[in-house]
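**Student:** predicted model, plus sequence, below.
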Amino acid sequence: MDHLLPPDIVEAGRTFPSALAACSDLDTLLRLKGAYVGREGSHAARLMDLLKLAPKEQKRELGAAINALKQQWEEGLKSRQAEMEARKRSRKAQTAGWDPSLPPPVPAQGALHPLNRLMDRLVEVFRPLGFHVEEGPEIETEAHNFDGLNIPEDHPAKASSDTFYLAAHPDLLLRTHTSPVQVRTLLRVAQDLGARGGIRFLSPGRVYRKDEIDPTHSPMFHQVEGMLVGHGIGMQHLKGTLEYALRALFGPHTEIRLRPSYFPFVEPGCEVDVSCPLCGAKGCRVCKGSGWVEILGAGLIHPKVLEYAGIDPAEWSGWAFGMGVERMAMMLSQTPDLRLFFENDQRFLKAMGGLD
Ligand code: PHE
């Protein structure tokens, strides 16, 4: 059969499969296509011319040979082209919307909430003095929240207008202060208080009161309770400890002053002011010109509180304090509105990085 065909076309037919395999992109493939089956000047076109000129008796045999060759080339080219286009499509799909030269996204870093950081700081100030952390539940009994703290039945704090009671369990409530942790801890350690030589702890946590929300009130806020029980403890120990702690927090030049006040669970009771850390007690907006800012309530543990826990007030005495965390955080950071601490605005929280 080959003897009827020009030798260069026979050679081209022999090398077609390898030429096809060597095509690595669509352009080369299209060029190959032009050379083999293109309309003009291609091997196929020349074969058709040859067929036209062939003697009649050869036409049938030659025609079949030419068709077989053309079909082989066309099919080969077609399937190779489809293969290339499919590969190109899948590459495009894989890389769509992805620019490998862009830097990878940096995941946002989490951080402790400014109120948690401030409470941690308080704990760290007291830790070297031998204080550990005690925790209590936010859902409390009336006994721990009121009775054990010598808060009388008719005290206004017990009213349902001030305290969240659980609808399904009217004897349970959301604790109104961290002081119930005093009661729980004293009850727990009463038996081996002697062996321990007393107790001292801090208790940070959430508390709840039925307060209308405004720039300085929230129905949920944080307190840090502090308590120490030992032998012969008096106001001088309370004052000395608070002076140490508040200077560690607000700076070495901070002065403190104790003003008499009343809480049923301490006697005597007091409120403690610090010299305004913002203006150096000269008088500013934060201290309302007075040079002093109220920071906590405190006092010597009432004998009734010790007795309730089974501790003999003739042998033991101690002090306790409770401070508002938001109040202190607002002052340190000069934040005018307490609600900012609960809105999770990233810009505020980032700016609060300066809190400690
Ligand atoms: N529990 C008091 C309050 O919430 C604060 C306090 C604690 C006062 C301990 C004295 C002693 O206001």
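**Tutor:** Yep, that arrived. Numbering: from 1, shown residues only.
**Student:** quick check: residues of this structure near the ligand?
**Tutor:** Taking Cβ under 6 Å from any ligand atom as the criterion, the neighbours of the ligand within the chain are H177, S179, F263, V266, G269, G297, A298, G299, A320, F321, G322. Glycine gets a C-beta too; all of them are placed from N, C-alpha and C.
**Student:** using CSV, write out every CA atom in stretch 149-163.
**Tutor:** Listed next in CSV are the C-alpha coordinates belonging to stretch 149-163 (Å, rounded to 0.1, in the frame of the first residue of the first chain):
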residue,chain,number,x,y,z
LEU,A,149,-23.3,36.6,107.1
ASN,A,150,-25.6,37.9,109.9
ILE,A,151,-27.9,39.6,107.4
PRO,A,152,-31.3,39.8,109.1
GLU,A,153,-34.5,38.5,107.6
ASP,A,154,-35.8,42.1,107.0
HIS,A,155,-32.6,43.4,105.4
PRO,A,156,-33.5,45.3,102.2
ALA,A,157,-30.8,43.3,100.2
LYS,A,158,-33.0,40.2,100.7
ALA,A,159,-36.0,41.8,98.9
SER,A,160,-36.9,40.4,95.6
SER,A,161,-36.7,43.9,94.2
ASP,A,162,-32.9,43.8,94.8
THR,A,163,-32.0,40.1,94.4
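**Student:** of the residues of the chain next to the ligand, which belong to strands?
**Tutor:** Using DSSP state E, the members of the residues of the chain next to the ligand that fall in strands are V266, G269, G297, A298, G299, A320, F321, G322.
**Student:** any chance of TSV for the residues you listed, columns neighbour count?
**Tutor:** Converted to TSV, those look like this (neighbours: other Cβ atoms under 10 Å):
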residue	neighbour count
V266	25
G269	19
G297	22
A298	25
G299	24
A320	24
F321	23
G322	23
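**Student:** so what's the residue of the stretch 201-350 of the chain found nearest the ligand bridging to?
**Tutor:** For the stretch 201-350 of the chain, the residue closest to the ligand is G322, as judged by Cβ to the nearest ligand atom, at 2.7 Å. Beta bridges link G322 to E225, G297 when assigned by DSSP bridges.
**Student:** thought it was touching E225?
**Tutor:** Yes - the criterion here is Cβ atoms under 8 Å, and G322 meets it with E225 at 5.1 Å.
**Student:** residues in contact with H231?
**Tutor:** When contacts are counted by Cβ atoms under 8 Å, 6 or more residues apart in numbering, H231 touches G198, E315, W316, S317.
**Student:** now do Y308
**Tutor:** With contact set as Cβ under 8 Å, 6+ apart, Y308 has these partners: D147, G148, N150, V183, L186.
**Student:** how much space between the first one and P180?
**Tutor:** Which is D147. To P180, D147 is 10 Å away according to Cβ to Cβ, to the nearest Å.
**Student:** out of those two, which sits in the busier spot?
**Tutor:** P180 (28 against 17; other Cβ atoms under 10 Å).
**Student:** which non-adjacent residue is nearest the more buried one?
**Tutor:** H144 (3.8 Å; Cβ to Cβ, 6 or more residues apart in numbering).
**Student:** quick one: the one you found from P170, how far?
**Tutor:** Taking Cβ to Cβ, one finds H144 at 15 Å from P170.
**Student:** please consider this matter closed, and thank you.
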